[in-house]
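[1] give me a 3D structure for the following:
(2 chains)
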Amino acid sequence: MAAGTAMEPMNRATAEKIAARELETANEEFSRVVERHRPQVFRFLLASTRDLDLAETLTQECFLKAHRNWSSFRGESSAMTWLMRIAINLQKDHWRNRRMQFWRQTRTNAVDLDEASEWLPSGESSVERQLLARERVAQVWEAVKGLSERQRTVFLLRYVEEQELGEIARATGLSEGTVKAHLSRALTRVRAELGGGR
Amino acid sequence: MRLEKRFGDRRGEPAERDRQAEPDASETGELALEQALKDFRMSVCAWSEAAYSRPRTAARVVRQRSWRLAAGWALGLALVAGGVSGAVFERHQRQQVARAAAEQRLVQERQRLIREQQAREEEEDLLAKVDRDVSRQVPSAMEPLAQLMAEDEGK
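    Okay, the predicted model is just below:
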């Protein structure tokens, strides 16, 4: 009995130490994940919304949510896929809330397509090539603007984030077949835009 | 068959050469699409990197906003206080004016009553004086008639 009572506080102290160490390790791990994936999540949200402030806010929210649920992340998919899933859901919630608040005066900070197309690939040297590249980028933005929310998400994950179809399917919660179908429709739209622009 | 297709017959050679020199429309379209997607990706990456590394001015904005908010509140409170005190002063002034007007009306009424009373008294005095005078003096035109009456009474 006496030995049992003596052991109990020691076990508790040890358990607390172990828990503290685990927490520290988890925090360090999460910090590394933030450092590695934050720019990518931000880029995806920026391309999706074309709104700097909104993209920053949603990125913050995404990592806050991820931090709260980090203990429940079991590593079935990659951390990036898991984060993208959170980001997609946050974006969906944001647009849904805005639609619900249609009676309120809402302000959008989304930049227009011309401004978004100003950013050029750095490799284009001559003025003519730069103009051509800018025109092509503007045409793709125009096509992206006309896509449905789901098609746009799938398109950006594939052609900006360069994710595999399986990863996209896991991030969006769709089947691979549906992802392929969305991609095909999105590409048809981009092709049409590029063909019309020429 | 495969060879024919590969090398072609002599009549078909120029056309085949043309096709090899100029890629067909679908191939050109695919190349253009590929290039456009590549440019698009690079453009988005450049934009995102620039936006990601831009200096954040959130603290400054917050401070400016809080300063503006405080100034707005102060101005609003000053306006409300000014409005309320103005309304109270105006009400007080009106009450004083109304009280003064009521007092003046009362004085005027009292004066009117006094004047009326005086006029009535004067009129009564005048009538009483007239009565006294009329009873003491007989008009000269009636004097012969009065003498006749006195003689009749003597008989």
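[2] give me the number of residues near residue 82?
    Defaulting to chain A. 21 (other C-beta atoms under 10 Å in any protein chain shown). Every C-beta, even on glycine, is put in place using the N, C-alpha and C of the backbone.
[3] look at chain B instead
    Close neighbours of B:G82, defined as other C-beta under 10 Å, add up to 10.
[4] helix or strand for it, which one?
    Assigned by DSSP states H and E, B:G82 belongs to helix B:58-136.
[5] also A:R38?
    According to DSSP H and E, A:R38 maps onto helix A:2-49.
[6] hmm, back to that, next structured bit after the helix holding B:G82?
    The helix or strand immediately downstream of helix B:58-136 is helix B:143-154, counting by DSSP H and E.
[7] okay, that following helix in PDB with CA atoms only?
    Written as PDB, here are the backbone C-alpha positions of helix B:143-154 (Å, rounded to 0.1, in the frame of the first residue of the first chain):
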ATOM      1  CA  GLU B 143     -89.700 128.000 -13.600                       C
ATOM      2  CA  PRO B 144     -93.200 129.500 -14.600                       C
ATOM      3  CA  LEU B 145     -94.700 126.000 -14.500                       C
ATOM      4  CA  ALA B 146     -93.200 125.500 -11.000                       C
ATOM      5  CA  GLN B 147     -94.700 128.800  -9.800                       C
ATOM      6  CA  LEU B 148     -98.200 127.800 -11.100                       C
ATOM      7  CA  MET B 149     -97.900 124.600  -9.200                       C
ATOM      8  CA  ALA B 150     -97.000 126.500  -6.100                       C
ATOM      9  CA  GLU B 151    -100.000 128.900  -6.400                       C
ATOM     10  CA  ASP B 152    -102.400 125.900  -6.900                       C
ATOM     11  CA  GLU B 153    -101.100 124.300  -3.800                       C
ATOM     12  CA  GLY B 154    -101.600 127.600  -1.800                       C
END
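[8] how far off centre is stretch A:147-167?
    10 Å (C-alpha atoms, centre = their mean, to the nearest Å).
[9] if you could redo that for stretch A:76-85, that was the one I meant.
    Distance of stretch A:76-85 from the chain centroid (C-alpha atoms, centre = their mean) equals 10 Å.
[10] I would like the residues contacting it, please.
    Applying C-beta atoms under 8 Å, 6 or more residues apart in numbering or on different chains, the contact partners of stretch A:76-85 are A:33, A:36-37, A:40-41, A:44, A:62-63, A:66, A:73, A:157, A:161, A:163, A:167, A:170-173.
[11] for chain B, name the helix or strand with the lowest mean pLDDT.
    Least confident helix or strand, chain B: helix B:2-7 with a mean of 35, by mean pLDDT, DSSP states H and E.
[12] low-confidence ranges, chain A, go.
    Along chain A, segments meeting pLDDT under 70 span A:1-10, A:99-119, A:121-125, A:196-198.
[13] now do 50
    Across chain A, the ranges flagged by pLDDT under 50 are A:1-4, A:103-106, A:198.
[14] ok, chain B next?
    In chain B, residues with pLDDT under 50: B:1-19, B:21.
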